[in-house]
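[1] Generate coordinates for the sequence data below:
(chains A, B and C)
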Amino acid sequence: MFETATATLDWIGVIVFTVTGALAASRKEMDFVGFAVLGTATGIGGGTLRDLLLGLPVFWTVQPAYLLTCLLVAGLVFFTAHIPQSRYRYLLWLDALGLALFAVAGAEKALQAGASPLVVIVMGVVTATFGGVIRDLLGGESPVILSRDIYASAAGAGAAAFAILTLLDAPREFALGFGFVVALLVRAASLRFGLTLPRYRPRAGIPYH
Amino acid sequence: MFETATATLDWIGVIVFTVTGALAASRKEMDFVGFAVLGTATGIGGGTLRDLLLGLPVFWTVQPAYLLTCLLVAGLVFFTAHIPQSRYRYLLWLDALGLALFAVAGAEKALQAGASPLVVIVMGVVTATFGGVIRDLLGGESPVILSRDIYASAAGAGAAAFAILTLLDAPREFALGFGFVVALLVRAASLRFGLTLPRYRPRAGIPYH
Amino acid sequence: MFETATATLDWIGVIVFTVTGALAASRKEMDFVGFAVLGTATGIGGGTLRDLLLGLPVFWTVQPAYLLTCLLVAGLVFFTAHIPQSRYRYLLWLDALGLALFAVAGAEKALQAGASPLVVIVMGVVTATFGGVIRDLLGGESPVILSRDIYASAAGAGAAAFAILTLLDAPREFALGFGFVVALLVRAASLRFGLTLPRYRPRAGIPYH
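    Next comes the predicted model:
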């Protein structure tokens, strides 16, 4: 049942991020191949980099059903993108859902590969954010990970909560659920209340004698 | 003889894409290092990502002759780029040749690594297109893979034809040749007749009750 | 003692490049997460790509102290960036130091992995330059590696000097030191005297009969 739980997290995350990549393609009025490329790269990009960095087999090369799903979802968006566009607010919440799912699913996979706590947290952030980085770079936009919003930090908070709870020998399902809720709440707080982290402000240099 | 056939596909593809990368450097009036970096990254980028994703040794780390060839070709273009620039039309056809070569050579390598048919097709597309993606990102241009032309789909069609024929137990050489011709013809049809795929058009949202 | 020498090269290089990435974040007035992402990606990016290409475990996944260092350095810059900004000239020399350190440290790691001389040199260049490529792409700037300055060639010259000396059976410490000095001097000559390599100039095409 635990296997099912983490696999479910992963599947929903892939689908949600594929939708956001395909919607980026719709904003640029691409053809279906553009939808498929941007959608798939966004959906599987984070997990791909995580697996490469951890030296694991890349998940979709051994489970091609992920690829097929990305292509089907991209195709679905190609024919229905006018619906979510009128509901952009819902999309942002879906994206927050994907971010929280991938933060704990990525951290869990790193933990199972024997990574140390800091690497576990970084892998949660990488899995949750890199798909979006690819989407933004390919689409010629500034990466959302570097935007004013609280985004990568939400993933980091969720992955850190998960890592700490597993260090304390909490049940794995509880740690996953708690980390997921932390990531989602932090991201939701930023979306709902416009919270941002303090930004660097240039100051006058200290005079050099 | 079969080994020689696939190796030849690969070599010609590397050389052709190195030329396109070096010509991108010439349009930006770079120095030789720019030619070498853009040329080599374009020539070996697709095969490098394919090998990383499949968990294989990266081909040019075990066969450095590929690297040497990229550097020599980039140097040749540095001193002769004025010739192909006046023949830009020929360059587009050379690029189509490289695309078709890499589509089947990449798919074949994935097949030999035991990948499933969908992964074989995706690896054909990745090998054929990723070098150009790197070239365009490094050169600060919008990736050709997302342009209006039929590009990634031509590689996908060739790799799919190859994958289907091998599933039907066709002789490997025939499958390679047929896939190559399919990719080349699809790309040629786009170049010659300006064919494009239908693009997504925004529609009015369905009213939300 | 030799182990200590190469590890020291690596550590100083990571710190120096993390500083340059965090300073790029300060120029864009990012929050701390932006500093951490840009700083870390710049500090460990080159070594990460080198390890992936060579099929080695990625260094910071087995030695997370590197990650922790990047985060601490990025935090330090977040609170003190006004100091180096007023001393930009010092930063360029720090960056040249990192370039020279990574050129020989990257080449040395490739040599220990059994790579051939040309691959050893390319890995020196990749390690020394790819962190900066990531920094510039994420920050939306044109990659410094393709700029007018002598940059990648300085790394290549240092790595080549190292590779040639090891082929001649010179003591490893001497080869490292000599390669480091070569890379630093070439880069310094470009910084100090504004040296550049000759650039490609478009010429009139040869008439086609």
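
[2] So which residues of chain A form helices?
    A:2-27, A:32-54, A:59-62, A:65-80, A:82-85, A:88-112, A:117-138, A:152-167, A:172-193 (DSSP state H).

[3] Including distance to chain B, could those go into CSV?
    C-beta here means a position set from N, CA and C on the backbone, and glycine is covered the same way. Listed next are the helices of chain A as CSV, based on distance: least, C-beta to the nearest C-beta, whole Å:
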stretch, distance to chain B
helix A:2-27, 5
helix A:32-54, 5
helix A:59-62, 5
helix A:65-80, 5
helix A:82-85, 4
helix A:88-112, 10
helix A:117-138, 6
helix A:152-167, 21
helix A:172-193, 20
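
[4] The ones you listed: lowest mean pLDDT?
    Looking at the helices of chain A, the lowest mean pLDDT belongs to helix A:82-85 (a mean of 63).

[5] Just send the helices of chain A back as CSV, with distance to residue B:63 and mean neighbour count too.
    Below are the helices of chain A laid out as CSV (distance: least, C-beta to C-beta, whole Å; neighbours: other C-beta atoms under 10 Å in any protein chain shown):
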stretch, distance to residue B:63, mean neighbour count
helix A:2-27, 35, 21
helix A:32-54, 21, 26
helix A:59-62, 23, 20
helix A:65-80, 29, 18
helix A:82-85, 47, 16
helix A:88-112, 33, 23
helix A:117-138, 29, 26
helix A:152-167, 39, 24
helix A:172-193, 44, 19
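
[6] So which of those is nearest residue B:145?
    Closest approach to residue B:145 among the helices of chain A is made by helix A:32-54 (6.1 Å; C-beta to C-beta).

[7] Would you mind getting the angle between that closest one and helix A:65-80?
    Angle of helix A:32-54 versus helix A:65-80, following axes from the mean of the first three to the mean of the last three C-alpha atoms, to 10 degrees, is 150 degrees.

[8] does helix A:32-54 come close to chain C?
    Yes. For helix A:32-54, a contact with chain C is found by C-beta under 8 Å from any C-beta of the partner chain, at A:52, A:53, A:54.

[9] and which of those is nearest to chain C?
    Comparing those against chain C with C-beta to the nearest C-beta picks out residue A:53 as the nearest, at 5.2 Å.

[10] What is the burial count for the nearest residue to the closest one once chain neighbours are set aside?
    Nearest residue to residue A:53 in three dimensions, chain neighbours excluded: residue C:58, at 5.2 Å (C-beta to C-beta, 6 or more residues apart in numbering or on different chains). Residues lying near residue C:58 (other C-beta atoms under 10 Å in any protein chain shown) number 19.

[11] Can you give me every residue that contacts residue C:58?
    Going by C-beta atoms under 8 Å, 6 or more residues apart in numbering or on different chains, residue C:58 touches A:53, A:54, A:55, C:47, C:48, C:51, C:52.

[12] Hmm, residue B:52 and the last one touching each other?
    Yes. Proximity of residue C:52 to residue B:52 meets the contact threshold set by C-beta atoms under 8 Å, at 6.0 Å.

[13] Between the two, which contacts overlap?
    In contact with both residue C:52 and residue B:52: residue A:52, using C-beta under 8 Å, 6+ apart.

[14] just how off-centre is stretch A:155-173 within its chain?
    Offset of stretch A:155-173 from its chain centre (C-alpha atoms, centre = their mean, to the nearest Å): 17 Å.

[15] what's next to it, contact-wise?
    A:2, A:5, A:99-100, A:102-104, A:106-108, A:111, A:117, A:120-121, A:123-125, A:128-129, A:174-176, A:178-184, A:186, C:33.

[16] What parts of chain A come near chain C?
    So far as C-beta under 8 Å from any C-beta goes, chain A lies against chain C at A:52-55, A:115-116, A:118-119, A:122, A:133, A:137, A:142-143, A:145-146, A:148, A:150-153, A:156, A:196-206, A:208.

[17] Next up, the contacts around the residue nearest the centre of chain A.
    Chain A has residue A:128 as the residue nearest its centroid, 2.5 Å off, counting by C-alpha atoms, centre = their mean. Going by C-beta under 8 Å, 6+ apart, residue A:128 touches A:46, A:98, A:99, A:100, A:102, A:103, A:106, A:152, A:155, A:159, A:183.

[18] what residues are up against the closest residue to the second one other than its chain neighbours?
    When you say that, I think you mean residue A:98. Excluding the flanking residues, the one nearest residue A:98 by C-beta to C-beta, 6+ apart is residue A:16, at 3.5 Å. Counting by C-beta under 8 Å, 6+ apart, residue A:16 touches A:94, A:95, A:97, A:98, A:101.

[19] Swap in 10 Å and give it another go.
    When contacts are counted by C-beta atoms under 10 Å, 6 or more residues apart in numbering or on different chains, residue A:16 touches A:42-43, A:73, A:91, A:93-99, A:101-102.

[20] quick one: which of those is nearest residue A:82?
    Taking the contacts of residue A:16 together and measuring to residue A:82 by C-beta to C-beta, the closest member is residue A:91, at 12.8 Å.
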